[in-house]
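S.K.: Sequence first, predicted coordinates after that:
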Amino acid sequence: MTIKENLALPVGTTLDRFIMRKQEDFPFATGELSQLLRDIALAAKIVNRAINHAGLTDIGGAYGKQNVQGEDQQKLDVVANIRFIRALRNGGEVCAIISEEEEEIIQTGNQKGRYIVAIDPLDGSSNIDVNVSIGTIFSIYRRVSEMGGDGTLADCFQKGTEQVAAGYIIYGSSTMLVYTTGNGVNGFTYETSLGEFFLSHPNITIPAKGEIYSVNEGGYNHFPEGVKKYVELCRVRNYSARYIGSLVADFHRNLLKGGIYLYPNTQKSPLGKLRLLYECNALAFLVEQAGGKASDGMRRILDIEPFELHQRCPFYIGSTEMVEEVESLLVAREVRERTPVA
Ligand code: P6P
């Protein structure tokens with residue numbers, strides 16, 4: 001490649017430059033949200049490095065304790081949790097954090113911080129040791145409590161519609177940060193040699209319909225009848241069954257290609273498995289901004305009133321037409337079960 005050819009190559013738009021440009025779209029933006037997004041990106045770079053070295057260091061494998069969910073923590077769960085909390089605390093914009101790895105609200109001490117962050121620091125971490133993609137999921141809210149004090153439960157129990165930003169990082173064949181501030185969805189790919197995220201997927205939109213369904217069919221016998229019916233329809237239609245066991249990876253593929261991810265309520269998980277505050281709400285905000293839909297089978301995810309930090313909900317998310325078909329099958333079944341046989 002000649003110098004001229006090399007210099008002709010566009011460097012691309014870094015995440016920093018993109019955030020600054022977008023901030024100009026918000027004349028009253030004070031830059032605090034921009035700084036918060038940078039803090040998340042910094043932590044993502046550090047976690048990415050830890051994940052990539054896990055096989056070569058003693059940082060892989062189980063940590064030997066369980067989290068508040070009763071799930072076995074992996075060492076990287078603990079590392080990611082500490083890294084994101086530290087980055088958000090040091091950034092100064094966040095007054096409190098809700099984390100999958102912590103039972104209670106984490107007060108950062110930034111009592112003048114205007115924001116709350118709900119985060120799953122490392123989702124799907126049981127896949128780390130087998131080199132399957134994993135992810136971080138985050139939601140950002142403005143605090144509703146008075147500045148000058150600790151974050152409160154009222155700050156945490158805001159509906160998903162109140163999010164000011166949300167996103168995920170996928171640590172996969174490449175590492176990407178995908179986020180929205182309510183004006184569309186944009187994806188940035190991490191260039192490790194430069195230590196920068198570059199805009200690689202501008203204005204992501206999800207196809208209205210796809211031919212990929214993501215569900216753990218091992219639980220089929222315990223699914224609600226309407227979900228069983230939908231899975232049978234996917235099989236008849238020869239859709240592709242793609243289930244990685246890592247929500248961020250399954251969601252990211254379906255976002256780009258079209259498809260649906262289903263985690264229904266079952267006997268084992270009567271309220272479903274996924275958590276509203278730091279998994280479902282963030283992805284629901286993203287998918288709606290990309291033109292898709294997210295439901296608990298009866299309600300729009302973003303409209304659900306939270307009442308518990310780690311509350312779970314059934315989760316159907318992806319291409320609008322596919323989610324709506326699942327909802328209609330669930331409602332139809334619900335009506336049939338409630339309608340007395342004449
Ligand atoms: P199951 C990972 O633990 C997770 O929260 C999601 O990332 C993933 O989609 C799901 O649970 C897998 O759950 O019950 O199918 O193993």
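M.R.: Looks like it came in fine.
S.K.: Tally up the residues packed near the closest residue to the ligand within the stretch 1-150 of the chain, please.
M.R.: Closest to the ligand within the stretch 1-150 of the chain is Gly124: 3.9 Å, counting by C-beta to the nearest ligand atom. Heads up, the C-betas are built off the backbone N, CA and C, glycines and all. Gly124 sits with 22 neighbouring residues when counted by other C-beta atoms under 10 Å.
S.K.: before we move on, what about Thr30?
M.R.: Neighbour tally, Thr30, other C-beta under 10 Å: 11.
S.K.: residues in contact with it?
M.R.: For Thr30, the contact set (C-beta atoms under 8 Å, 6 or more residues apart in numbering) is empty.
S.K.: how much space between it and Leu76?
M.R.: 34 Å (C-beta to C-beta, to the nearest Å).
S.K.: And for Tyr239?
M.R.: Distance of Tyr239 to Leu76, computed by C-beta to C-beta: 33 Å.
S.K.: what kind of secondary structure is the closest residue to Ala44 other than its chain neighbours in?
M.R.: Counting by C-beta to C-beta, 6 or more residues apart in numbering, Ile169 is the residue found nearest to Ala44 once chain neighbours are left out, at 4.4 Å. Here Ile169 is recorded as strand under DSSP: H, G, I helix; E, B strand; the rest coil.
S.K.: So Ile169 is in contact with Met176, correct?
M.R.: Yes: shown here, Ile169 and Met176 form a contact pair, counting by C-beta atoms under 8 Å, at 7.0 Å.
S.K.: Got phi/psi on Leu107?
M.R.: I think there's a mix-up here, since residue 107 is Gln and not Leu. phi -90, psi 130 (degrees, to the nearest 10).
S.K.: Test of understanding: give the bridge partners of it.
M.R.: Here Gln107 sits in beta bridges with Ala96, going by DSSP bridges.
S.K.: Stretch 69-85 near the ligand anywhere?
M.R.: No: contact of stretch 69-85 with the ligand (C-beta under 6 Å from any ligand atom) is absent, the minimum separation being 7.0 Å.
S.K.: The stretch 101-250 of the chain against the ligand: which residues are in contact?
M.R.: Asp123, Gly124, Asn216, Gly245, Ser246, Leu247, Asp250.
S.K.: taking those one by one, which sit in strands?
M.R.: The strands, defined by DSSP state E, take in Asp123 from those.
S.K.: Now for the residues of the stretch 101-250 of the chain next to the ligand: which two are most distant?
M.R.: Asp123 and Asn216 (14.9 Å; C-beta to C-beta).
S.K.: neighbour count winner among those two?
M.R.: Asp123 (26 against 14).
S.K.: wait, the more buried one sits on Leu247?
M.R.: Yes: contact criterion C-beta under 8 Å: Asp123 and Leu247 qualify, at 5.5 Å.
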